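Chemist: Sequence and predicted structure, then a few things I'm wondering about:
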Number of protein chains: 2
Amino acid sequence: MATIKDIGVGAAFNIVTATIFLLIFAFLRLQPINDRIFFPKWYLKGMRDSPSSAGAAVTKYVNLNVRSYLKFLSWMPAALKMPEEELIEHAGLDSVVYLRIYLTGLKIFVPITILAFAVLVPVNWTNDTLDDLKVVHSDIDNLSISNIPHGSKRFIAHLVMAYVFTFWTCYVLKNEYERVATMRLRFLASEKRRPDQFTVLVRNIPPDPDESVSELVEHFFLVNHPDHYLKHQTVYNANKLADLVEKKKKMRNWLDYYQNKLERKSKRPTTKTGFLGCFGSEVDAIDHCKSEIEKIGKEEAEERKKVMKDPKSIMPAAFVSFRSRWGAAVCAQTQQTSNPTLWLTEWAPEPRDVYWSNLSIPFVSLTVRRLIIGVAFFFLNFFYVIPIAFVQTLANLEGIEKALPFLKPLIESPPIKSFIQGFLPGLALKIFLIVLPTILMYMSQFEGLISQSSLERRTASKYFIFLFFNVFLGSIVTGSALEQLDTYLHASANDIPRIIGVAIPMKATFFITYVMVDGWAGVSLEILRIRAFVLYHLKNFFLVKTEKDREEAMDPGSICFYWSEPRIQLYFLLGLVYAAVTPLLLPFILVFFALGYVVYRHQIINVYHQRYESGAQFWPNVHLRIIVALIASQLLLLGLLSTKGLEEATPVLLVLPILTFWFHKYCTHRYKPAFVRNPLQRRRR
Amino acid sequence: MATIKDIGVGAAFNIVTATIFLLIFAFLRLQPINDRIFFPKWYLKGMRDSPSSAGAAVTKYVNLNVRSYLKFLSWMPAALKMPEEELIEHAGLDSVVYLRIYLTGLKIFVPITILAFAVLVPVNWTNDTLDDLKVVHSDIDNLSISNIPHGSKRFIAHLVMAYVFTFWTCYVLKNEYERVATMRLRFLASEKRRPDQFTVLVRNIPPDPDESVSELVEHFFLVNHPDHYLKHQTVYNANKLADLVEKKKKMRNWLDYYQNKLERKSKRPTTKTGFLGCFGSEVDAIDHCKSEIEKIGKEEAEERKKVMKDPKSIMPAAFVSFRSRWGAAVCAQTQQTSNPTLWLTEWAPEPRDVYWSNLSIPFVSLTVRRLIIGVAFFFLNFFYVIPIAFVQTLANLEGIEKALPFLKPLIESPPIKSFIQGFLPGLALKIFLIVLPTILMYMSQFEGLISQSSLERRTASKYFIFLFFNVFLGSIVTGSALEQLDTYLHASANDIPRIIGVAIPMKATFFITYVMVDGWAGVSLEILRIRAFVLYHLKNFFLVKTEKDREEAMDPGSICFYWSEPRIQLYFLLGLVYAAVTPLLLPFILVFFALGYVVYRHQIINVYHQRYESGAQFWPNVHLRIIVALIASQLLLLGLLSTKGLEEATPVLLVLPILTFWFHKYCTHRYKPAFVRNPLQRRRR
């Protein structure tokens, strides 16, 4: 069993690792050759150019200024310096509010940690229960609730603290919700006339034998919104056209490349017309590109005409623009016809944010898809171990030897054999866990949501549920979710919190290690951008022909909300659950939040390029998940205390989840509309 | 244990009782003196007058036409004759759709009964399990699922039937929902320009130091709905004024009475000015009344002025009228300001439907009230036995003798003593059950709903929950809800359906008796209107002075949705649960629905006077509760079969509740908006 010393060693080791990562980062970022990896945002903004070719060739790639290495941690204060207003301008509201999740973590857990160490640690420490019992225990348990004797009055301290923690968390949550809602409203109001504030997306336009979709839309809105309707744009299925446009773009790039070459070498470059320019007859490259571009241009024009005429490629959806925000708000928030499944209106997502392929799914199909995904996700969540176990039985040594007999001599050699035997069984599971967010994203896409942002939100919900059952509960009850399901079905509603609650103090060391390995190291790795680093240099070396290519090789990436946010929520859950049980876990959580905040702030300022801007529409989900974590922590504490000879505590603690749930209802009612609808009132500024 | 013969005797007895009630009704309704009790609706419509005073005095009170007695059941076809369109015109949509609940019951259960008797009864009957086992059982059990041996393949018949019943019920429900939604939309569209279709109720108007509420409303809507705003009416707290108006009305009635007297007797009547006209100085009655009316009129005018001026009596709510239905629809469906707790708009209820005292409750208070009532209802539902047991311990013989010692000799006499001992303990419970709907109504009023119709709907939901737990589950698990709660908390999620499911077949006879006593007799009693009958004749004898008084004594009553609808739902629940288990119960349910339909149709045509018209807004609740009953029946069948050695059935049956739930979601999405919002599209007729 781990002692405090073990934990200390582990912490030291992880701190060293994280520091090494940060040092490597500090070193790499100073090299001009890596500039496009660590500062792509500024390139995209046009505020930074490739290092000038003036000066020695070496300084183009390596930084020789020794002084700059001394200040290797200077990026941290720089990341914190930019004021919030400017950051919104620079990176958008989504990113800034995403950072607020870390801030919320700090706001919730700093006072809780102080209180827990001031009150609970002494209360727990000054007992000798565990020593008297002579059970095997680590000295961490001396700091935890396990050290308090059965039926002791000292549990009142934990009860009171549970109340204090709940009220403090709710207080912070309410303030944050209010703050974010205000930020969102101000953001929407302060923007320039963004087209999506005047536009409504209309779906499920009923087919009409006499009129085309376009005419139908025009007539409908001229009749029903006569004073505000401006114009509309129907949605076409133009995949082929998109392909042609892409092809033309590529050809243009080649043309650029050859023209650059011509300038430098003053010899007209040639190419071959066959596959990949390697076969066929040799022609003048520039002329060939020009004629190709012309040809594609003609095809494009034809395809465009065809799409506009072909009724099959017109989808029953349209973007309708209004003369005023008022008109658009009215149309988006009201029901248009007596059949609520036709003429569905909602605020149009930003143009970048639209998920085009889902625009034309009919209503009945949507509900069926939702049912299918609901059932599929249930099975994925609780039964995912079955196919993995199946793959594992296939992917053993004998299986490989049967399928690929020529590998036999290689595999049979002892070191490789033991490696495969130790590594393979876990491989299927690891691959699954890495691929999981993508699988969940496909599931959400199948559900028929119409914007990238809503897809990410939905996927994040699914991922959080998965983490909750399979990582959090799975580590505590130690069993696959399938086995857990069996337990939950066969245990009474009373017993479930008890079974889990009792196991919680025992898992504290495990989760402390988890926070360090997954949390600290994960965050420090994020800043290194290893994948982008490798890919950029590979591309730069092999593929980049023109300046434009280099720009495309840059890949700034973005905050992957759908897989990063649920992981943060896991730390909220751990923090809240262990706050009253084993306060020792809290400082580790604090470090995670602080480190995450600085790192992501840096990344948002210098690296990430958001693909869309939803105006912080994800906050209600963040709020909901913290509430879920809070209620889970209350129920588990209830289960734990009910085995500690303190039956009187049950009704006292039962009040908390009820109050918390009501608090959530209140907040939803009070603030959520700001994230769904736009009010009609004219803004006074 | 009851045999089929016992049930037959019981049924015969109840049929005779019901027939006697109907005969009494048929006799009483033909007497002219009772005309106002059994046909008040026609009086209120002005289509019927008091029996003319021409002819013999006797015929004014007693019907001597023998022939009319022969056709004593003629009211039944008469009640069924009126076509639906005319009935809507005559009694409103609410009443007609209320009748559709009975019709839906018939539509669901007639085919189910036929199928169950054709398939399940033979399958159950042709076994000898119970005879072989030599357990004590009644021959009713031979017809039920209990008669099938453990693990028999015959259970497949029950599985298939469960599917058929579910699909048929859903099919009927979908059709009905669609039908009722269409009826509602047509009803709203076909009406004359009703004021509430142009009016929106605005609540939570924020206080403004510079402007009065009225000015504030005007400015707000002139700015934000400039093209559609017509005018508004603020809400005043004018209880004192209402008292004065009531007093004036009473005085006018006295004046009428004295003037009638004067005409008949040609001697000026006198009255005394003191208490109840019995004390004080004698004055001329007509003059006295006239001067009193004048005095009250003055007071009234003063009070009116005061109310208009006093800022304390102006409530932060207003009815805002718009120029067009479109404008009102827009305002009612959109959010007005960035703070969604201010300027709350919703469709104004009909003037008759408004529940005035709740109009000015602020938002935070509303959410707190909801929390309080939620907790209170939970306790009422599960712990109501505690106060009743307490009252019962007080209300025993010794308690009465102590409190009222002079009653001692009376109470001690053996017959009275045994009566009290047998009767008193149950009395508190019976009184509680009678008063319960009223208590629930008070709870809903405290919650702050703003229309009578929504109050009735909310109360109905509460009452249904109470009936579900305390009557349905309480009779099966035999224990108070408190004991049940203990069971539910300590049994696993798996075991709860099993515990209840196993007990279900055993309770069939009990519920058959319940249907007959509560259902059949209850409906037949309803048509007799005993309470109204007694009260009217008492009032007519002692209090009625003028024609107006007689009109007021009439008390036509109305469909008490909040207590009658949940009771119908109980029969849906019983029917669906027993359809696959003990089909013998079904014919009894059918009789209930048929009888209820005829009786309530008669009452709606001839008696009830609805206090408001909500346009069938209650249908989504009716639909929801039938769905709840359906899912409960599926889960209980699952629990029952899982003890019958048919484990394979569990996943097959588990599909049903999922599908049913999804069906409910679909219906809600598809049809519910028609009951909440009005569409914007112009209606083409």
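Modeler: All right, it came through fine.

Chemist: All the strands of the stretch 301-450 of chain A, in order from the start?
Modeler: Remark: strands assigned in the stretch 301-450 of chain A by DSSP state E, counting those that start in this stretch are A:314-322, A:344-347.

Chemist: Direction included, what does the longest one pair up with?
Modeler: In this case it means strand A:314-322. Within its sheet, and counting by DSSP bridges, strand A:314-322 is paired with strand A:199-203 (antiparallel), strand A:229-236 (antiparallel).

Chemist: tell me the mean pLDDT over it?
Modeler: Per-residue pLDDT over strand A:314-322 has a mean of 85.

Chemist: Tell me how far that strand lies from the chain's centre.
Modeler: Its chain's C-alpha centre and that of strand A:314-322 lie 30 Å apart, by CA atoms, centre = their mean, to the nearest Å.

Chemist: Give me the contact list for that strand.
Modeler: The list of residues contacting strand A:314-322 from outside it, by CB atoms under 8 Å, 6 or more residues apart in numbering or on different chains, reads A:195, A:198-207, A:212-214, A:217, A:221, A:225, A:228-237, A:328, A:331, A:345, A:348, A:359-360, A:362. Where you see a C-beta, it was placed from the backbone N, CA and C, and this is true even at glycine.

Chemist: Same question for the shortest one.
Modeler: Taking CB under 8 Å, 6+ apart as the criterion, the residues outside strand A:344-347 that touch it are A:196, A:199-204, A:320, A:328, A:331-332, A:334, A:336, A:363, A:677-678.

Chemist: Now which of these would you call buried?
Modeler: Applying 16 or more other CB atoms under 10 Å in any protein chain shown to those, the neighbour count classes A:196, A:199-204, A:320, A:328, A:331-332, A:334, A:336, A:363, A:677-678 as buried.

Chemist: Now the helix or strand where residue A:42 lies: buried residues?
Modeler: Using DSSP states H and E, residue A:42 sits in helix A:40-44. Neighbour-count burial for helix A:40-44 flags A:40, A:41, A:42, A:43 (criterion: 16+ other CB under 10 Å).

Chemist: shouldn't the first one be in contact with residue A:552?
Modeler: Pointing back at residue A:40 there. No - under the criterion of CB atoms under 8 Å, residue A:40 lies out of contact with residue A:552, with a separation of 11.0 Å.

Chemist: Quick check: the residue of the stretch 201-350 of chain A nearest chain B.
Modeler: Shortest the stretch 201-350 of chain A-to-chain B distance, computed as CB to the nearest CB: residue-wise this is residue A:340, at 3.9 Å.

Chemist: Grab the nearest non-local neighbour of that residue.
Modeler: Leaving aside its sequence neighbours, residue A:340 sits nearest to residue B:673 (CB to CB, 6 or more residues apart in numbering or on different chains; 3.9 Å).

Chemist: For chain B, see how far away residue A:588 is.
Modeler: Residue A:588 sits 35 Å away from chain B when distances are taken as CB to the nearest CB, to the nearest Å.

Chemist: what about the residue in the stretch 51-200 of chain A positioned nearest to chain B, which helix or strand?
Modeler: Taking CB to the nearest CB as the measure, the stretch 51-200 of chain A has residue A:185 as its residue closest to chain B, at 4.9 Å. Of the helices and strands defined by DSSP H and E, residue A:185 is found in helix A:155-190.

Chemist: helices or strands next to that helix in the packing?
Modeler: Helix A:155-190 is packed against helix A:93-115, helix A:561-579, helix A:619-642, helix A:649-671, helix A:673-676, with contacts defined by 3 or more CB pairs under 8 Å, 6 or more residues apart in numbering or on different chains; DSSP states H and E.

Chemist: Would you single out the least confident of those helices?
Modeler: The minimum mean pLDDT among those belongs to helix A:673-676 (a mean of 82).

Chemist: Pull out the buried residues from the helix or strand hosting residue A:24.
Modeler: Assigned by DSSP H and E, residue A:24 falls within helix A:4-29. When burial is assessed from 16+ other CB under 10 Å, helix A:4-29 yields the following buried residues: A:6, A:7, A:10, A:11, A:14, A:17, A:18, A:21, A:22, A:25, A:26, A:29.
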